[in-house]
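**Student:** structure for this input, please:
(one chain, ligands or ions: 1)
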Amino acid sequence: MSSTFVGAVADDDTGAADLAGMLAERGMRAAVILDNAPPQQLRTWAAECDAVVIGTATRSMARNEAYTRTRTAIQTLRSLSPQRLAVKYCSTFDSTPEGNIGVSIDAALDATGERFTVALPALPALRRTTYMGYHFVGDQLLSDSSMRHHPLNPMSNSNLVAHLSTQTSRRVGLVSYPEIKAGPDAIRSACQRLQSAGCAIALLDCVDDQQLHSIGEAICNLPLISGSSAWGMVLPDIWRQNGSWTPSTRGELVAPPGGRGVLLISGSCSQATQSQIAWAAQNGWPIFSLDAIALARSSFPAETVRRAAEILMRGEPCLITTTRESGADEVQDWAMQHRFSAVEAGERISETLARLAADIMHRCTPAGLIIAGGETASAVMRTLKLGGLLIGPAIDPGVPLCLSLAEPALALALKSGNFGAEDFFGRAVQAIHGIRRDSATLQKELA
Ligand code: ADP
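**Tutor:** This next block holds a predicted model:
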């Protein structure tokens with residue numbers, strides 16, 4: 001019998017880890033399970049968890065495929081009989097006018113038969129806020145932020161009611177700042193008003209944590225919600241207080257001994273990741289910057305595999321990234337010349353990075369793996385057949401320390417491009433070493 005209270009479907013694996021991390025921080029036993037894990041395996045891994053987040057990697061897929069995979073994942077979750085379901089996407093609303101956030105919400109509404117849900121993209125803790133339907137990253141409108149230059153989903157429209165409306169045939173309405181500010185009852189009434197007016201999705205403004213809490217009170221009984229990971233910061237406490245969910249004791253995350261060094265793979269072009277790579281360079285870490293166009297052509301230097309494995313054998317961190325000399329524009333020019341879309345070029349780069357990671361790990365099993373970039377993490381996780389992750393404490397907001405559920409257990413951190421402080425890589429490596437135990441200690445702890 002499953003103990004799953006809440007099940008969520010995330011459009012990428014770093015996002016899944018972000019949400020599961022928020023829930024784990026608030027006392028839920030949480031796991032991320034990839035949608036390619038066999039159903040029986042999923043049930044075994046999910047059995048002891050309060051929260052199960054399925055990573056679908058649908059963010060950049062064709063609409064039809066994203067719809068089918070999200071619908072299948074929701075059906076899989078329903079087989080665990082959770083009391084609440086959610087669709088998780090990025091707090092910078094990463095998507096194109098064609099999809100896939102609206103498509104994923106459609107799939108969840110169709111799979112559950114629900115007629116109404118909310119969309120809560122804001123994440124005030126990371127300064128992603130929504131005001132009168134317009135989305136902000138820090139002080140800037142989304143369309144003025146660095147997200148405007150994202151290689152796969154450049155965000156050029158900050159009006160999320162308009163943007164989401166292009167992705168779904170359902171009607172989208174807004175619960176605006178004054179209604180949100182007026183508190184939970186006003187939010188519930190606004191949702192009812194929108195539903196009576198024929199809206200199936202209510203986009204919720206939210207500019208601070210107090211409003212996030214009011215929203216949590218208002219939506220805590222909805223069977224299906226959608227949004228960033230923000231609701232994960234408030235709903236567990238509300239569910240606990242209103243008696244919907246009772247926490248059980250949660251064990252500490254412990255990684256078995258074995259493995260050397262920490263392998264870091266970054267395919268993220270985001271500003272935060274670039275400053276983290278600069279931090280690693282300043283601290284003298286070995287870094288391999290590989291030509292992005294060569295990676296898009298599916299090739300990487302065999303020499304890199306050998307040298308990276310040697311570095312790991314010495315017990316050091318080793319960072320593999322893509323060079324910024326072949327920036328997004330050059331990669332796009334190359335893609336056009338070869339009749340690939342920007343998304344296909346990005347996928348080719350991620351897949352080559354994933355093969356490279358597999359080759360390095362074949363030569364030397366690392367003590368841990370850190371992956372920066374949502375698409376990149378999905379490619380690496382799937383190529384390495386890691387299957388699922390048990391979620392531990394946060395290294396930085398939105399980036400928990402994890403342990404792979406497939407054997408042999410590997411300590412991991414999956415970081416969305418925009419997340420993490422400048423010294424994130426340093427602290428993530430420390431956290432990975434911190435949960436490792438030698439055999440004797442481990443046996444004592446398990447006894
Ligand atoms: P983020 O979380 O920062 O958005 P992702 O991994 O989701 O990172 O997306 C970055 C995409 O850009 C991936 O598909 C990756 O393969 C691709 N990419 C990596 N390096 C480059 C580069 N130098 N130029 C263009 N695209 C790149």
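
**Student:** give me the longest helix you can find in the chain.
**Tutor:** In the chain, taking DSSP state H as the definition, the longest helix is helix 342-363.

**Student:** for that one, buried residues please.
**Tutor:** 342-343, 345-357, 359-361 (16 or more other C-beta atoms under 10 Å). Yep, even glycine has a C-beta here, placed from its N, CA and C like the rest.

**Student:** stretch 279-298 too?
**Tutor:** So, applying 16+ other C-beta under 10 Å, buried residues of stretch 279-298: 279-280, 285-288, 290-296.

**Student:** ok, and which of those reach the ligand?
**Tutor:** A292 (C-beta under 6 Å from any ligand atom).

**Student:** of the buried residues of stretch 279-298, which belong to strands?
**Tutor:** If you go by DSSP state E, these have 287-288, 290 in strands.

**Student:** pLDDT added to those, as TSV?
**Tutor:** Formatted as TSV, these follow (pLDDT from 0 to 100):
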residue	pLDDT
I287	98
F288	98
L290	96
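
**Student:** adding distance to A190, write these out as CSV.
**Tutor:** Listed next are these as CSV, based on distance: C-beta to C-beta, whole Å:
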residue, distance to A190
I287, 50
F288, 52
L290, 50
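
**Student:** just these now: which is nearest T56?
**Tutor:** L290 (27.5 Å; C-beta to C-beta).

**Student:** state the distance from the closest one to S229.
**Tutor:** 31 Å (C-beta to C-beta, to the nearest Å).

**Student:** could you do I370 as well?
**Tutor:** Taken as C-beta to C-beta, the span from I370 to S229 is 19 Å.

**Student:** check A413 too.
**Tutor:** 16 Å.

**Student:** how many other residues sit next to the residue in the stretch 51-200 of the chain that the ligand sits nearest to?
**Tutor:** Nearest residue of the stretch 51-200 of the chain to the ligand, counting by C-beta to the nearest ligand atom: P151, 4.2 Å away. Neighbourhood size, P151 [other C-beta atoms under 10 Å]: 22.

**Student:** assign it to helix, strand or coil.
**Tutor:** With DSSP: H, G, I helix; E, B strand; the rest coil as the basis, P151 sits in coil.

**Student:** residues contacting it?
**Tutor:** The contact partners of P151, taken as C-beta atoms under 8 Å, 6 or more residues apart in numbering, are 269, 328, 331-332, 342, 346.

**Student:** could you check how many residues crowd around A125?
**Tutor:** 17.

**Student:** likewise for E316?
**Tutor:** If we define neighbours as other C-beta under 10 Å, then E316 has 14 of them.

**Student:** for it, give me its contacts.
**Tutor:** Residues near E316 by C-beta under 8 Å, 6+ apart: 261, 285-286.

**Student:** what pLDDT is listed against S146?
**Tutor:** The per-residue pLDDT reported for S146 equals 89.

**Student:** excluding chain neighbours, what is closest to it?
**Tutor:** In space, and not counting its chain neighbours, S146 is closest to Q271: 4.8 Å by C-beta to C-beta, 6 or more residues apart in numbering.

**Student:** then A294?
**Tutor:** F300 (6.9 Å).

**Student:** what about that neighbour, which SS state?
**Tutor:** coil.

**Student:** thinking again about what came up before, partner strands of the very next helix or strand once past the longest helix of the chain, parallel or antiparallel?
**Tutor:** Proceeding N to C from helix 342-363, the next assigned helix or strand is strand 368-372, under DSSP states H and E. Pairing partners of strand 368-372, with direction, according to DSSP bridges: strand 262-266 (parallel), strand 411-415 (parallel).

**Student:** reformat those strands as a markdown table; add mean pLDDT and distance to the ligand.
**Tutor:** Converted to a markdown table, the strands paired with strand 368-372 look like this (pLDDT from 0 to 100; distance: least, C-beta to the nearest ligand atom, whole Å):
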| stretch | mean pLDDT | distance to the ligand |
| --- | --- | --- |
| strand 262-266 | 98 | 8 |
| strand 411-415 | 96 | 8 |
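
**Student:** for V87, what are its contacts?
**Tutor:** Contacts for V87 (C-beta under 8 Å, 6+ apart) come out as 8-9, 11, 70, 104-105, 108, 117, 224-227.

**Student:** assign it to helix, strand or coil.
**Tutor:** V87 - assigned by three-state DSSP - is strand.

**Student:** show me the shaky parts of the chain.
**Tutor:** 1-2, 324-328, 437-447 (pLDDT under 70).

**Student:** 80 instead, please
**Tutor:** By pLDDT under 80, the low-scoring segments of the chain are 1-2, 249-252, 324-329, 407-408, 436-447.

**Student:** circling back: count of neighbours near the residue nearest to A294?
**Tutor:** F300 has 19 nearby residues by other C-beta under 10 Å.

**Student:** tell me the contacts of it?
**Tutor:** With the criterion set at C-beta under 8 Å, 6+ apart, F300 makes contact with 290, 294, 352, 355-356.

**Student:** how about these in JSON lines, adding distance to T322?
**Tutor:** What follows is these, written out as JSON lines (distance: C-beta to C-beta, whole Å):
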{"residue": "L290", "distance to T322": "6"}
{"residue": "A294", "distance to T322": "9"}
{"residue": "T352", "distance to T322": "10"}
{"residue": "R355", "distance to T322": "14"}
{"residue": "L356", "distance to T322": "11"}
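
**Student:** which pair of the residues you listed spans the longest distance?
**Tutor:** A294 and R355 (13.0 Å).

**Student:** can you report how many residues neighbour the residue of the chain found nearest the ligand?
**Tutor:** Evaluated by C-beta to the nearest ligand atom, the chain has G417 as its residue closest to the ligand, separated by 1.8 Å. Neighbour count for G417, taken as other C-beta under 10 Å: 28.

**Student:** next one: the one 5 residues further on
**Tutor:** Using other C-beta under 10 Å, E422 is surrounded by 14 other residues.
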